[in-house]
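Chemist: quick one: sequence plus predicted model below, questions after.
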Amino acid sequence: MADKNGKILLELLNAKGNDECADCGLKGPEWASYNLGIFLCTRCAACHRSMGAHISKIKHLKLDQWEDAQVTRMKEVGNNNAKLKYERWVPPSYRRVDKETPQILVEQWIFAKYAREEFIHPERQS
């Protein structure tokens, strides 16, 4: 990660909120969804990949090459801003996930949050 974009990503990763997975809160994310502008752990990144690239486009922070526009998107959004959008109307009874949550519940959370956008549009909540 010696290139310019790699250094910028490393700086962004050290910012408050970006230092943990946007979905489960695990410290030290190694992946990102560059169209959503969020940093992710390996487990949550796999769930994002399974939704398809039309919803979430995944790259490794260190192993993949990053284009300027992709890094700009990460700068514009970040985990904190994404949570303000994608978790705006999470019902109080809804179980948020953490690093100990079973895989199936992590998948359900991520699909509800991004694929169905249930917490942006409350009328979509099932």
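Modeler: Yep, that arrived.
Chemist: bridged to the most centrally placed residue in the chain, which residues?
Modeler: Nearest to the mean C-alpha position of the chain, by CA atoms, centre = their mean, lies Ile38 at 3.8 Å. Beta bridges link Ile38 to Ser33, judged by DSSP bridges.
Chemist: for the protein, what spans make up the helices?
Modeler: 4-13, 42-51, 68-76, 78-86, 103-110 (DSSP state H).
Chemist: thinking the residue nearest to the centre of the chain is in contact with Cys24, fair?
Modeler: No. With contact defined as CB atoms under 8 Å, Ile38 does not reach Cys24; the gap is 11.7 Å. Bear in mind the C-beta positions are built from the backbone N, C-alpha and C, glycine included.
Chemist: what's around Ala22, how many residues?
Modeler: Neighbour count for Ala22, taken as other CB atoms under 10 Å: 28.
Chemist: is it true that it touches Cys41?
Modeler: No. The criterion here is CB under 8 Å, and Ala22 misses it with Cys41 at 9.0 Å.
Chemist: how many residues are close by the nearest residue to Trp31 once chain neighbours are set aside?
Modeler: Closest residue in space to Trp31, ignoring its immediate chain neighbours: Ala45 at 3.6 Å, by CB to CB, 6 or more residues apart in numbering. By other CB under 10 Å, the residues close to Ala45 number 24.
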